[in-house]
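Q: sharing a model prediction with you, sequence too.
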Amino acid sequence: MARSETRPVVTLRSTAGTGRSYVTRKNRRNDPDRLVLRKFDPVVGQHVLFREER
């Protein structure tokens, strides 16, 4: 799979302040703003918001 500028790799950092992060890809055409996903943070033990870092 070729690397694309349309689908860059982004880092999602936990808003709980634990330092936990996820790595994913996103489509810039569909989501031009920063990505926010609700994912599990094992340090806190619950689902929290993860925001895109640049």
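A: Yep, that arrived. Residues are numbered from 1 along each chain as shown.
Q: please count neighbours and contacts with C-alpha atoms only from this point.
A: OK.
Q: and the residue nearest to V43 when sequence neighbours are not counted, backbone torsions?
A: Spatial nearest neighbour of V43, excluding adjacent residues (CA to CA, 6 or more residues apart in numbering): T18 at 6.7 Å. Note on T18: its backbone torsions stand at phi -90, psi -10 [degrees, to the nearest 10].
Q: was I right about T24 contacting V10?
A: Yes: assessed by CA atoms under 8 Å, T24 is found in contact with V10 at 5.6 Å.
Q: when these two are compared, which one has more neighbours?
A: Neighbour totals were compared for T24 and V10, and V10 leads with 17 against 11 (other CA atoms under 10 Å).
Q: so where is this structure shaky, pLDDT-wise?
A: Where the chain drops to pLDDT under 70, the residues are 1.
Q: mind telling me which residue is nearest the centre of it?
A: Centroid check for the chain by CA atoms, centre = their mean gives L12 as the closest residue, at 2.7 Å.
Q: any idea which element that one lies in?
A: strand 9-14 (DSSP states H and E).
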